[in-house]
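Visitor: pasted the sequence and its predicted model underneath.
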Amino acid sequence: MKKVLVLCTGNSCRSQLAEGYLRHFAGTKAQVYSAGVETHGVNPKAIATMAEDGISISNHTSNHIDEYQAIRFDKVITVCDHAQERCPVFPTTAEKFHHNFPDPAKAKGTEEEILSEFRKVRDMIKAYSKEFVKNHL
C-alpha cells in the first residue's frame with residue numbers, strides 16, 4: 001500500500017480537503033496523511049464544505065510535518081507554493097508533486113461569497129485528487 005503525504009502551510013484547509021478526497025478515491029490503494037509546515041487547526045468551513053459533498057473530515061487533526069519524520073512516503077503532494085518552498089526541509093525519497101491551489105481561508109466578502117470560494121477550491125481539489133489517484137496510485 002502506498003503512503004501519500006499532502007503538505008500545505010497550516011494544514012487547515014487545502015491539505016485537509018485533499019486528504020479527504022484522496023482517501024475517498026484511493027480506498028485501499030493508499031494511506032493518506034496531511035501536514036503543514038505550521039499548524040492552524042482544521043478550518044470549520046473546510047469541514048462544512050466537505051460535508052456538503054458527503055465526505056466527513058470532522059475527525060481530522062492539524063498536524064506538523066515533523067510528526068511524520070519516521071514514515072517513508074511514496075508520494076508527497078504540496079498544495080500551495082509556500083509549502084513547496086519549505087518542502088526541502090523534509091527529507092524524503094518520495095516522488096514529489098505540486099499544485100498551487102488558491103487559499104479559501106483568505107476569501108473576503110459576505111458569508112455566502114466566502115463559502116462560494118471554499119466550494120470552488122473544494123471542487124478543484126476534488127478533480128485533482130481523482131486524477132492523481134487514477135494516474136499515480
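Guide: Received it, and whenever you're ready, just let me know what you need. What you see is a predicted model; the values in this text were computed from it and never measured.
Visitor: okay, helices next: where are they in the protein?
Guide: 14-26, 44-52, 81-86, 111-136 (DSSP state H).
Visitor: what is the least confident helix or strand in the protein?
Guide: Least confident helix or strand of the chain, by mean pLDDT, DSSP states H and E, is helix 81-86 with a mean of 61.
Visitor: per-residue confidence at the one residue sitting closest to the centre of the chain?
Guide: Per Cα atoms, centre = their mean, the C-alpha nearest to the average position across the chain is that of Ser15, at 1.7 Å. Ser15 is assigned a predicted lDDT (pLDDT) of 96.
Visitor: roughly how far does it sit from Met124?
Guide: From Ser15 over to Met124 the distance is 14 Å, taken as Cβ to Cβ, to the nearest Å. C-beta: built from backbone N, CA, C; applies to glycine.
Visitor: check Lys134 too.
Guide: 16 Å.
Visitor: how about Tyr21?
Guide: With Cβ to Cβ as the criterion, Tyr21 and Met124 are 10 Å apart.
Visitor: when the two are compared, which one has more neighbours?
Guide: The residue with more neighbours, out of Tyr21 and Met124, is Tyr21; 25 against 16, by other Cβ atoms under 10 Å.
Visitor: grab the nearest non-local neighbour of that one.
Guide: Ser129 (3.6 Å; Cβ to Cβ, 6 or more residues apart in numbering).
Visitor: specify the beta-bridge partners of the closest residue to Asp74 other than its chain neighbours.
Guide: Excluding the flanking residues, the one nearest Asp74 by Cβ to Cβ, 6+ apart is Lys2, at 4.4 Å. In this structure, Lys2 bridges to Ala30 when assessed by DSSP bridges.
Visitor: state the distance from the residue of the chain positioned farthest from its centre to Gly41.
Guide: Outermost residue of the chain with respect to the C-alpha centroid, by Cα atoms, centre = their mean, is Thr110; its distance is 25.0 Å. Between Thr110 and Gly41 the computed distance is 23 Å (Cβ to Cβ).
Visitor: what's the answer for Ser56, then?
Guide: Distance from Ser56 to Gly41, by Cβ to Cβ: 17 Å.
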